[in-house]
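Colleague: Have a look at this prediction, sequence included:
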Amino acid sequence: MNISIVGTGYVGLVTGTTLAELGNTVYCVDIDENKVERMKQGIVPIYEPGLEEMFLRNIQAERLFFTTNIKEALDKSDVIYLALPTPPGEDGSADLSYVISVANQIGEMMTSYKVIVNKSTVPVGTADKVREVISAKTQIPFDVVSNPEFLREGFAVEDSMNPSRVVVGSSSEKAKDIMAKIYQPFTNTGVPIIFMDEKSSELTKYAANSFLAVKITFMNEIANYCEKVGADVDKVRLGMGSDDRIGHRFLFPGIGYGGSCFPKDVKALIKSGKEENFDFKILEATEYINKKQKVILVDEIEKYFGGNIQGKKIAMWGLAFKANTDDIREASSLDNIELLLEKGAQVVAYDAIAEENVRKILGDKIEYSKDMYSALEGADCLLIATEWSEFKNPNFELMASKLKNKVIFDGRNMFSMEQAEGSGFFYKSIGRKTVR
C-alpha cells in the first residue's frame, strides 16, 4: 500500500520506517528542508536504538522516501498518517494548530478518496474537528481514523515491530478494512487489533499514559515513605510487582518522570476534564508530586553541605530524561540544573547522547565532560540523573581519586545496596537507607 506520513518527528519517523519495513511504500513529509535532505542522505535525525539499520534498509529497498511537498505525497498515497506535534499550551491544553493546518491543506489538495489517520496524541473529539475542516474544503469522500501510538522511547523499534495491541478508532467499515490490511502482518502473528469509536480511541492513549504517570508517582511516594519508616523500597517493589494485578513495570522509584508524553498528556487530560467541568484530582496530585520529586535530591545535597552549596561543583551523570534516547524534554536533569545554578552551585555534566540537545538550551551555563570520570575532576559530589547502562558498574576507586568528597546522590537507584556499602562512599538514593 502507498502511505504518507506527515511529520517526521519521533513518532512519524519510527511509524514511517516501520510501515516501510512491513512492505508498504512510504512517503515521509516534513517542512524542514535541511532535515529532509539529511534523511535522503541516510542520516537519522533522532537517536533511537535499532532505527538507523531499519531506516537505511528501507531507503535502499526504495520503500522509504522523503519530501517537503505534501501535494506530491498526497497524490501518491491511499492513506495519510498525521504525526504532528501537539505541544502543551500555557493552560496545559494540546495545541492542535499543526494538525488543523495540515487538515486544511489535505482538504484543498485531495483529488480522490483517502483515509486520514491521526497518529498524534490528540484530545477527545479531534477526529471530528479534522473531519469538519476537510469537509469544508472538498466534496470528495474520505474517512478520519484515530490510531494512537504506544511507543516507548529507547524501545520504539521493538515496540513498533512487536506491538502488544493495535488500537483503531473508526466509524467507517471501509476505513476499518484498509487499516486491518495495513496491520495484517501483526494480526497474522496474533497481535490483537482493537476496533472502537474515534473518541474512545483518542481517550485510550491519554488514559494509558496518565495511568502510568500515576503508577510511577505512587511508587515515588512509597519510596519517600520508606525512608521515613526504615523500609526498603526495592523489597516493597518486588513484593508489589509479584502480584499479577499490578506487575513489575513502572515501579522503579526515582527523581520523577519526564519526556515528551507523560507530562504533556497528564496536563492535556486535566485541561480536557476542566472543559467538561470535571476535575481529574488524581492527575492534579500526580503533576504536583512529580514536580517536587524531580528536585528532591537538591535538598539532600544542601543538607550534606550544611545548608549552603554556593560555589560547590556538582558533577551530573546523565542529561536525557531516560536512558537510550537523546530526548531532554521535561528531563529531571534540567530541573536540577536550574535549581542548583539558582543556589549558586556549578554543574559539570556528562551524557554522550543528549549533550548536544542540552547545549542548544543551556549553552555555557554549565560545563560538559568528554566522559563520565572526567566529569568528577574536582567536583564536590556526584548526582546521577539518567539510568544509562555505563553508570551501573563504575570504578569506585577511580571515582574516589577524582572527587573532592566521596559522595553520591543517586536519582535512579543505579547501585545495589551491596555495591554502595562496599564502595566507601556516602550514598543517598531514593526509598532506601542512606549509606554513610
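Modeller: Alright, I've got the coordinates.
Colleague: what about residue 195, is that helix, strand or coil?
Modeller: Of the three states, residue 195 takes strand according to DSSP: H, G, I helix; E, B strand; the rest coil.
Colleague: show me where the stretch 301-436 of the chain has helices.
Modeller: Secondary structure of the stretch 301-436 of the chain, counting by DSSP state H, counting those that start in this stretch: helices at 332-342, 355-362, 396-402, 417-423.
Colleague: Reformat those as CSV; add mean neighbour count, mean pLDDT and distance to residue 67.
Modeller: Backbone N, C-alpha and C define where each C-beta goes, glycine included. Compiled in CSV, the helices of the stretch 301-436 of the chain are given as follows (neighbours: other CB atoms under 10 Å; pLDDT from 0 to 100; distance: least, CB to CB, whole Å):
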stretch, mean neighbour count, mean pLDDT, distance to residue 67
helix 332-342, 20, 98, 34
helix 355-362, 15, 97, 26
helix 396-402, 14, 97, 50
helix 417-423, 15, 93, 51
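Colleague: Of all those, which one comes closest to residue 434?
Modeller: helix 417-423 (9.3 Å; CB to CB).
Colleague: Mind listing residues that contact the closest one?
Modeller: 232, 234, 393, 396, 406, 408, 415, 427, 429, 432, 433, 435 (CB atoms under 8 Å, 6 or more residues apart in numbering).
Colleague: thinking again about what came up before, and of the helices of the stretch 301-436 of the chain, who's closest to residue 306?
Modeller: Comparing those by CB to CB, helix 332-342 comes nearest, at 16.0 Å.
Colleague: other SSEs contacting the closest one?
Modeller: helix 281-294, helix 296-304, strand 313-317, strand 346-350, helix 355-362 (3 or more CB pairs under 8 Å, 6 or more residues apart in numbering; DSSP states H and E).
Colleague: Buried ones in the longest one, by neighbour count?
Modeller: Judged by neighbour count (16 or more other CB atoms under 10 Å), helix 281-294 contains these buried residues: 283, 286, 287, 289, 290, 293, 294.
Colleague: Quick one: distance of stretch 358-375 to the chain centre.
Modeller: Mean C-alpha position of stretch 358-375 versus that of the full chain (CA atoms, centre = their mean, to the nearest Å) differs by 22 Å.
Colleague: That one: end-to-end distance?
Modeller: 16 Å (CA to CA, to the nearest Å).
Colleague: just to revisit the earlier point, pipe the helices and strands packed on helix 332-342 into TSV and attach distance to residue 380 per row.
Modeller: TSV is the format used below for the helices and strands packed on helix 332-342 (distance: least, CB to CB, whole Å):
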stretch	distance to residue 380
helix 281-294	21
helix 296-304	9
strand 313-317	5
strand 346-350	9
helix 355-362	20
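Colleague: now for these, which one comes closest to residue 201?
Modeller: Of the helices and strands packed on helix 332-342, nearest to residue 201 by CB to CB is helix 281-294, at 19.8 Å.
Colleague: what sits up against the closest one?
Modeller: By CB under 8 Å, 6+ apart, helix 281-294 touches 210, 213-214, 216-217, 220-221, 224, 255-258, 263, 266-267, 269-270, 273, 332, 335-336.
Colleague: from these, which ones fall inside strands?
Modeller: Using DSSP state E, no member of those sits in strands.
Colleague: For residue 400, give me its contacts.
Modeller: Contacts of residue 400 by CB under 8 Å, 6+ apart are 406, 424, 425.
Colleague: Mark which of these are part of strands, please.
Modeller: Those of these lying in strands (DSSP E): none at all.
Colleague: Let's see the PyMOL selection covering just the buried ones among these.
Modeller: The buried residues among the contacts of residue 400 can be selected in PyMOL (16+ other CB under 10 Å) with this line:
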select buried, resi 406+425
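Colleague: which one of the contacts of residue 400 is nearest residue 200?
Modeller: Lowest distance from residue 200 to these (CB to CB) belongs to residue 425, with 51.0 Å.
Colleague: ok, now which ones touch that closest one?
Modeller: Contacts for residue 425 (CB under 8 Å, 6+ apart) come out as 396, 399, 400, 406, 407, 408, 435.
Colleague: Return the per-residue confidence for it.
Modeller: pLDDT, residue 425: 97.
Colleague: Against residue 175, how distant is residue 114?
Modeller: Distance from residue 114 to residue 175, counting by CB to CB, to the nearest Å: 10 Å.
Colleague: re earlier: distance to residue 107 added to the contacts of helix 417-423, as TSV?
Modeller: Below are the contacts of helix 417-423 laid out as TSV (distance: CB to CB, whole Å):
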residue	distance to residue 107
232	59
234	55
393	56
396	62
406	64
408	57
415	56
427	60
429	54
432	57
433	62
435	63
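Colleague: To residue 155, which of the helices and strands packed on helix 332-342 lies closest?
Modeller: Here helix 355-362 is closest among these (CB to CB), at 19.4 Å.
Colleague: just checking, what packs against the closest one?
Modeller: With contacts taken as 3+ CB pairs under 8 Å, 6+ apart, helix 355-362 sits against helix 332-342, strand 367-368.
Colleague: Distance from stretch 296-312 to the middle of the chain?
Modeller: 30 Å.
Colleague: make that stretch 263-280, sorry
Modeller: The answer for stretch 263-280 is 19 Å, by CA atoms, centre = their mean.
Colleague: got the domain boundaries for this structure?
Modeller: Domain assignment for the chain, taken from automatic domain parsing, gives 2-196, 206-291, 295-428.
Colleague: now the end-to-end length of the first one.
Modeller: Chord length of domain 2-196, first to last residue, is 24 Å (CA to CA).
Colleague: Select the longest helix from the chain.
Modeller: The residue-count maximum for a helix in the chain (DSSP state H) belongs to helix 198-229.
Colleague: quick one: buried residues of that one?
Modeller: 198-199, 201-206, 209-210, 212-224, 226-227.
Colleague: now do stretch 118-131
Modeller: Result for stretch 118-131 [16+ other CB under 10 Å]: buried residues 118, 119, 120, 121, 122, 123, 124, 126, 127, 129, 130, 131.
Colleague: How about stretch 234-245?
Modeller: 234, 236, 237, 240, 241.
Colleague: For residue 63, state which of the residues you listed is nearest.
Modeller: Of those, the one sitting nearest to residue 63 (CB to CB) turns out to be residue 241, at 40.6 Å.
Colleague: Next, the contact list for that closest one, please.
Modeller: Residue 241 neighbours (CB under 8 Å, 6+ apart): 247, 248, 249, 251.
Colleague: And residue 322, by the same measure?
Modeller: Counted by CB under 8 Å, 6+ apart, residue 322 has contacts 153, 154, 258, 259, 386, 387.
Colleague: quick one: which of these has the most company?
Modeller: For the contacts of residue 322, counting by other CB atoms under 10 Å, the largest number of neighbours falls to residue 386: 30 neighbours.
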